[in-house]
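Participant: only geometry, no sequence info:
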């Protein structure tokens, strides 16, 4: 949460020009090969999470795909990674970190590994400005919600965590005042966005959306209330004020 009166500023289109970590989860890679190559190779730290390594290996073996960097670490309880894929990366000297705890998802454990302050005081990875998670919202519905729960769990981290899919970029925004800044070329087209309450009825006040939300109106999944799931970005700066944390999602700018 930002202190009273302090506006947290976001520049999502500058994410990939700052030191960042990338985490690959166990879903088919659907962003373009060109975008994935740039996003993966330019990361300060690359973490492949359990079965996500199968998809990385599959992409490496596609005709015309060359020059992908190796993961810095592969983590998980290793119930999803294929034996031959595990053997392949072990043979290349990639570091494996087993996280067998079953009360948390492999995604949660990987973020904990990346972002926590170790007891020794020596970070496991270089400091980054953000963590970009590549995972499509498909497959089992409970796992989709588990991913959102993980994003919410780490929303108080000093390092923000973003979910990148083929179509969207999303993250949890804490209660308070915020500004999201976009390049003009992005806003020249109708760009969809959504503000999803996470903790019950939430009041928003916005400026810069096609359908701005007004103070005094409650948004939630409760009967007779609405959720702004199909809004549009209308200006290069969107101002937001919310009295509770919420999930912000916007159309991807990756080509």
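Facilitator: On my side now, so go ahead. Since we're looking at a predicted model, the values are computed, not measured.

Participant: list the buried residues of stretch 170-181.
Facilitator: Under the neighbour-count criterion of 16 or more other Cβ atoms under 10 Å, stretch 170-181 has 170, 171, 172, 173, 175, 176, 177, 178, 180 buried. All C-beta atoms are positioned from the backbone trio N, CA, C, and that covers glycine.

Participant: got it, and stretch 137-151?
Facilitator: Quick answer for stretch 137-151 (16+ other Cβ under 10 Å): 137, 143, 146, 147, 148, 150, 151.

Participant: can you redo those as CSV with pLDDT and secondary structure?
Facilitator: Converted to CSV, these look like this (pLDDT from 0 to 100; DSSP: H, G, I helix; E, B strand; the rest coil):
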residue, pLDDT, secondary structure
137, 89, coil
143, 89, helix
146, 91, helix
147, 92, helix
148, 92, helix
150, 92, helix
151, 93, helix
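
Participant: pLDDT below threshold where in the stretch 1-150 of the chain?
Facilitator: For the stretch 1-150 of the chain, the stretches flagged by pLDDT under 70 are 1-4, 63, 117-124.

Participant: no, scratch that, I was asking about the stretch 151-255 of the chain
Facilitator: For the stretch 151-255 of the chain (pLDDT under 70), the answer is 255.

Participant: for residue 213, see how far away the residue lying farthest from the centre of the chain is.
Facilitator: In the chain, the residue that sits farthest from the middle, by Cα atoms, centre = their mean, is residue 224; the gap is 30.7 Å. From residue 224 across to residue 213, the span is 17 Å (Cβ to Cβ, to the nearest Å).

Participant: ok, residue 94 next?
Facilitator: 46 Å.

Participant: still on that earlier bit, list phi and psi for the residue farthest from the centre of the chain.
Facilitator: Note on residue 224: its backbone torsions stand at phi 70, psi 10 [degrees, to the nearest 10].

Participant: what ranges do the helices span in the protein?
Facilitator: Counting by DSSP state H, the chain has helices at residues 33-41, 52-60, 83-91, 106-115, 141-153, 184-187.

Participant: mind listing what's buried along the last one?
Facilitator: Yep, that's helix 184-187 we're talking about. residue 187.

Participant: and which of the buried residues of stretch 137-151 is nearest residue 253?
Facilitator: Closest approach between the buried residues of stretch 137-151 and residue 253, by Cβ to Cβ: residue 137, at 17.7 Å.

Participant: that closest one and residue 143 touch, don't they?
Facilitator: No - between residue 137 and residue 143 no contact is recorded; they are 9.4 Å apart, counting by Cβ atoms under 8 Å.
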